[in-house]
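# below are the sequence and a predicted model; questions follow.
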Amino acid sequence: MTSWNESRAAYRDAAGWFAGTTATITDQWERVALGEWTVRDLVGHTSRSLLTVESYLAAGREVSVDPEHPPEVEIGSAVDYYGVIGVGAGDPAAVAERGRAAGRALGAEPAVSVAGIVGRVLAEVDRATGDEFVLTPFGGMLLADYLPTRVFELAVHGCDLAASLGIPPTVPESAVSIAVHLLGDLAVRGGKGPELLLAGTGRGPLTDRFSVL
């Protein structure tokens, strides 16, 4: 099981890598990056891996004011979170528009905005213990259980961004470790563990468009 300190360090590393990658972007902002998204849209969507930590913590504090009646933890793990949100089952048009809106919100200097977001959110996470209550749109959970999902998103979409820019996906090892661990747990939960195990040991190919999400 990943400790809070490990998750926090991996989140810091992944966020720093994302900000560093974004800082290299020059005239590629309107280049097609992923599906309907441009590079700007993809950066905006990825920045939500930081902004939701901030906003969900704020929402959690609002409902945690009475120590005699603590809010209910409804989602007990990162794997449960992905099960609850039903990844891939949402309206693709709505998902795409949220990415575009997040990209527009970064303003005239997106890389500068990303750097500011990273600095602000990491400072808040550094002060946290992991026991903080976060209120997501899908239910309440602890920050220690939510943060690995954000490491996963930063790692995956950081790779998408690197691919769109034609540079190597140099994901920090700490983030890769948490992301791959979560990937394996999701595969097991979805009944795809054996397929992933065989492919990962050179004993068979993955099916086309294989995904644990």
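It's in. Numbering: from 1, shown residues only.
# which residue ranges form the helices in the protein?
4-23, 39-62, 78-85, 92-105, 110-127, 143-165, 173-189, 193-200 (DSSP state H).
# please identify the deepest-packed of the ones you listed.
Neighbour counts (mean count of other C-beta atoms under 10 Å) averaged over each of these peak at helix 143-165, with a mean of 22. In short, each C-beta sits where N, CA and C put it, glycine included.
# same for that helix, what does it pack against?
Helix 143-165 sits against helix 4-23, strand 32-34, helix 39-62, helix 78-85, strand 133-136, helix 173-189, with contacts defined as 3 or more C-beta pairs under 8 Å, 6 or more residues apart in numbering; DSSP states H and E.
# give me that answer again for 6 Å
helix 4-23, helix 39-62, helix 78-85, helix 173-189 (3 or more C-beta pairs under 6 Å, 6 or more residues apart in numbering; DSSP states H and E).
# hmm, back to that, pipe the helices of the chain into TSV and attach mean pLDDT and distance to Phe210 per row.
TSV is the format used below for the helices of the chain (pLDDT from 0 to 100; distance: least, C-beta to C-beta, whole Å):
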stretch	mean pLDDT	distance to Phe210
helix 4-23	97	23
helix 39-62	96	22
helix 78-85	92	16
helix 92-105	88	19
helix 110-127	97	31
helix 143-165	97	14
helix 173-189	94	9
helix 193-200	88	7
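# want to throw the ones you listed into JSON lines with distance to Thr136?
Output for the helices of the chain, formatted as JSON lines (distance: least, C-beta to C-beta, whole Å):
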{"stretch": "helix 4-23", "distance to Thr136": "16"}
{"stretch": "helix 39-62", "distance to Thr136": "5"}
{"stretch": "helix 78-85", "distance to Thr136": "7"}
{"stretch": "helix 92-105", "distance to Thr136": "15"}
{"stretch": "helix 110-127", "distance to Thr136": "16"}
{"stretch": "helix 143-165", "distance to Thr136": "7"}
{"stretch": "helix 173-189", "distance to Thr136": "16"}
{"stretch": "helix 193-200", "distance to Thr136": "26"}
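# show me what contacts Gly44?
99, 102-103, 106 (C-beta atoms under 6 Å, 6 or more residues apart in numbering).
# tabulate those (JSON lines), appending distance to Ala187.
JSON lines is the format used below for the contacts of Gly44 (distance: C-beta to C-beta, whole Å):
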{"residue": "Gly99", "distance to Ala187": "26"}
{"residue": "Ala102", "distance to Ala187": "29"}
{"residue": "Gly103", "distance to Ala187": "31"}
{"residue": "Leu106", "distance to Ala187": "33"}
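# quick one: which of these is nearest to Thr26?
Leu106 (15.4 Å; C-beta to C-beta).
# pretty sure the closest one is touching Ala115, no?
No - using C-beta atoms under 6 Å, Leu106 is not in contact with Ala115, being 10.6 Å away.
# what's the neighbour count on Met141?
25 (other C-beta atoms under 10 Å).
# against Gly190, how distant is the residue nearest to it when sequence neighbours are not counted?
Distances taken as C-beta to C-beta, 6 or more residues apart in numbering place Ile75 nearest to Met141, at 4.0 Å, with adjacent residues excluded. Counting by C-beta to C-beta, to the nearest Å, the gap from Ile75 to Gly190 is 17 Å.
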